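> A structural model of the following input is requested.
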Amino acid sequence: MTSSIRVLAVAFVAVVSAYFGAMLLVQRSVRVIDTDAARISRDAAPDIRVVSDLRAELREMHARVIEAIEGDDEALDEVVDSRRRIDNLLAQAAALPTDEREAALLGKLRSALRAFEQAAERALEQAAGSHRDRARKIARGELRPLGDAASLVAQDLVAYNVGVAESAAERIEAVRARGSRMAWQLATVCALLAGVAAFATVRVMRQVQRVQQQHNALMQRKAEELEEFAARVAHDVLSPLSSVSVALSVIGRHPSQSREALDRAHASLSRVRGIVDGLFEFARAGAAPEAGARTGVRAVASGLVEELRPFAAQRQATLLIEDLSDCMVACSPGVLLSVLGNLLRNGLKYLGDAEIRQVFLRARQRRGRVLFEVEDTGPGIPPELGTRIFEPYIRGADTGAPGIGLGLATVKRLVESHGGSLGVRAGARGGALFWFELDEAPPSDDVSQPERLRTA
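You can find the predicted model right below:
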């Protein structure tokens with residue numbers, strides 16, 4: 001097993017080295033290709049286009065000057081437009097990257113065009129003064145030769161850029177051919193190394209059964225964890241159902257109080273439905289929050305505190321609300337009921353032998369979030385536990401309180417699945433202070449709560 005792993009490691013390192021070597025060669029080739037491609041696309045090709053346009057505009061201007069000499073007044077405006085276009089094209093050519101040879105040709109072209117334009121001006125001036133014969137003479141003797149000379153310079157500039165583009169294309173072709181050849185060579189090396197790795201893998205596979213057994217044991221443990229998590233969820237549901245049972249007993253013993261008892265039973269059943277719906281949505285969404293979910297903090301928290309007062313009385317404790325913002329939180333009612341219910345019950349269960357037996361609930365808005373705090377006057381969290389208190393099955397030593405250690409783990413899963421954060425620290429009253437934050441729900445026109453959340 002050890003030797004096979006060593007062979008696999010060596011083969012892996014060799015393959016990785018070959019890969020990075022190939023990457024370095026490819027990068028070097030890419031740099032060459034990029035440079036030559038940029039020379040073609042950003043220098044040679046634009047120069048060819050601009051100079052070709054200049055030659056065409058030069059011929060156009062020459063034709064318009066001849067027409068203007070012959071008395072075509074509209075041709076004069078077209079001559080002005082041609083001169084403007086020639087100036088713009090010259091400016092574009094000057095803005096493009098140039099080398100020494102190209103700069104010299106561009107300067108020569110600029111001088112030739114200026115000489116052509118000056119000859120055109122002289123011819124037009126003679127024509128404007130009714131000296132058409134002199135204008136025609138200038139057109140034949142100066143304008144045409146100067147235009148031909150400028151056209152030849154432009155042709156030389158185009159030919160030069162064509163040569164630059166051809167040289168760059170040849171270098172690109174050579175680099176690609178060399179890169180392809182080296183790629184095949186490296187591929188062959190990698191194939192050989194892969195064969196060695198495959199041979200070692202066959203030997204390693206003999207140990208797969210042991211790994212599979214370990215995996216099966218892990219899956220069994222996860223199944224047991226899921227079973228215990230389901231038991232905790234059942235506990236969350238059974239707690240309000242006990243209130244229903246108490247209410248039904250009151251109805252049987254004291255019919256005069258049946259109205260109040262029925263209202264309490266309906267409220268508890270509504271909370272059961274809220275918990276079940278929220279956890280069902282949580283499981284069905286793969287731990288993702290329900291889109292657009294929103295819950296009123298004051299309605300849910302106040303109703304839950306009233307529901308838990310009998311539970312607190314059994315432990316000679318008091319549940320108090322210190323601060324409760326009237327805002328909406330971005331989660332379903334069932335999720336908020338489950339999180340707050342677990343934290344409040346946890347605080348009541350772990351008051352220990354404290355003389356002052358109180359659990360406080362606070363909720364306030366803070367920077368687009370809602371901060372919830374549950375503080376008790378008990379002995380606090382043992383220092384050795386810290387944030388491990390949120391892990392499954394972690395409980396303080398010798399607590400004497402019933403439970404299997406999944407309540408806080410449930411809180412952690414629900415809060416984090418909704419993009420929130422949570423923690424625990426020592427409170428100002430000497431006990432534990434559990435806190436969590438959830439996003440505040442955006443404003444909505446409909447701020448009424450579902451019927452299932454209304455309490456008696």
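> measure residue 260 to residue 246 for me?
12 Å (CB to CB, to the nearest Å). Heads up, the C-betas are built off the backbone N, CA and C, glycines and all.
> actually residue 354, not the one I typed
Distance, residue 354 to residue 246, using CB to CB: 26 Å.
> repeat that for residue 389.
31 Å.
> ranking helices and strands of this structure by mean pLDDT, which lands last?
When each helix and strand of the chain is scored by mean pLDDT, DSSP states H and E, helix 258-284 comes last, with a mean of 66.
> mind listing what the following helix or strand past it pairs with, with the direction of each?
Next helix or strand after helix 258-284 toward the C-terminus (DSSP states H and E): strand 295-296. Paired neighbours of strand 295-296 in the sheet (DSSP bridges): strand 328-329 (antiparallel).
> helix or strand for the residue lying farthest from the centre of the chain, which one?
The centre of the chain is farthest from one residue, residue 133, which by CA atoms, centre = their mean lies 76.2 Å away. Using DSSP H and E, the element containing residue 133 is helix 132-138.
> next SSE after that helix?
Using DSSP H and E, the next helix or strand after helix 132-138 towards the C-terminus is helix 144-204.
> what's that next one packed up against?
If you count contacts as 3 or more CB pairs under 8 Å, 6 or more residues apart in numbering; DSSP states H and E, helix 144-204 packs onto helix 2-38, helix 45-69, helix 100-128.
> specify the angle between the first one and helix 144-204 in degrees.
Read that as helix 2-38. Helix 2-38 runs at 170 degrees relative to helix 144-204, counting by axes from the mean of the first three to the mean of the last three CA atoms, to 10 degrees.
> next one: helix 2-38 to chain centre, how far?
Counting by CA atoms, centre = their mean, to the nearest Å, helix 2-38 is centred 30 Å from the centre of its parent chain.
> tell me the mean pLDDT for that helix?
In this model, helix 2-38 has an average pLDDT of 73.
> ok, now stretch 386-393?
Summarised as a single mean, pLDDT over stretch 386-393 is 77.
> give me the buried positions along the helix or strand hosting residue 302.
Element membership for residue 302, per DSSP H and E: helix 297-314. The neighbour-count check on helix 297-314 (16 or more other CB atoms under 10 Å) flags 297, 299-301, 303-305, 307-308, 311-312 as buried.
> now stretch 106-123
Here stretch 106-123 shows 106, 108-109, 112-113, 115-117, 119-120, 122-123 as buried, counting by 16+ other CB under 10 Å.
> show me what that stretch is in contact with.
The contact list for stretch 106-123 (CB atoms under 8 Å, 6 or more residues apart in numbering) reads 51, 54, 58, 61-62, 65, 69, 79, 83, 86, 90, 93-94, 98, 135, 138-139, 142-143, 146-147, 149-150, 153-154, 157.
> give me that answer again for 6 Å
By CB atoms under 6 Å, 6 or more residues apart in numbering, the surrounding residues in contact with stretch 106-123 are 65, 69, 93, 135, 138-139, 142-143, 146-147, 149-150, 153-154.
> as CSV, those residues with distance to residue 13 would be great.
Shown next, in CSV, are the contacts of stretch 106-123 (distance: CB to CB, whole Å):
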residue, distance to residue 13
65, 76
69, 82
93, 54
135, 84
138, 81
139, 79
142, 77
143, 76
146, 71
147, 70
149, 68
150, 65
153, 61
154, 59
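> in CSV: those residues, plus neighbour count and pLDDT.
Formatted as CSV, these follow (neighbours: other CB atoms under 10 Å; pLDDT from 0 to 100):
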residue, neighbour count, pLDDT
65, 28, 84
69, 22, 82
93, 22, 80
135, 24, 82
138, 23, 85
139, 23, 81
142, 17, 84
143, 26, 81
146, 21, 85
147, 23, 83
149, 17, 87
150, 25, 83
153, 22, 83
154, 25, 84
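> farthest pair within these?
93 and 135 (30.2 Å; CB to CB).
> what's around residue 134, how many residues?
16 (other CB atoms under 10 Å).
> separation between it and residue 116?
As judged by CB to CB, residue 134 and residue 116 stand 18 Å apart.
> next: residue 341.
For residue 341, the distance to residue 116 equals 92 Å [CB to CB].
> can you check residue 187 too?
From residue 187 across to residue 116, the span is 60 Å (CB to CB).
> still on that earlier bit, what packs against the helix holding residue 302?
Applying 3 or more CB pairs under 6 Å, 6 or more residues apart in numbering; DSSP states H and E, one finds that helix 297-314 contacts strand 318-324, helix 333-349.
> give me the residues contacting that helix.
Looking at what lies outside helix 297-314 - CB under 6 Å, 6+ apart - the contacts are 319, 324, 326-327, 329, 333, 336, 340-341, 344, 348, 363, 449, 453, 455.
> now do stretch 173-180
With CB under 6 Å, 6+ apart as the test, stretch 173-180 has contacts from 29, 32-33.
> can you tell me which of these comes closest to residue 412?
Within these, the smallest distance to residue 412 is 52.2 Å, found for residue 29 (CB to CB).
> do you know how far that closest one is from residue 182?
Counting by CB to CB, the gap from residue 29 to residue 182 is 9 Å.
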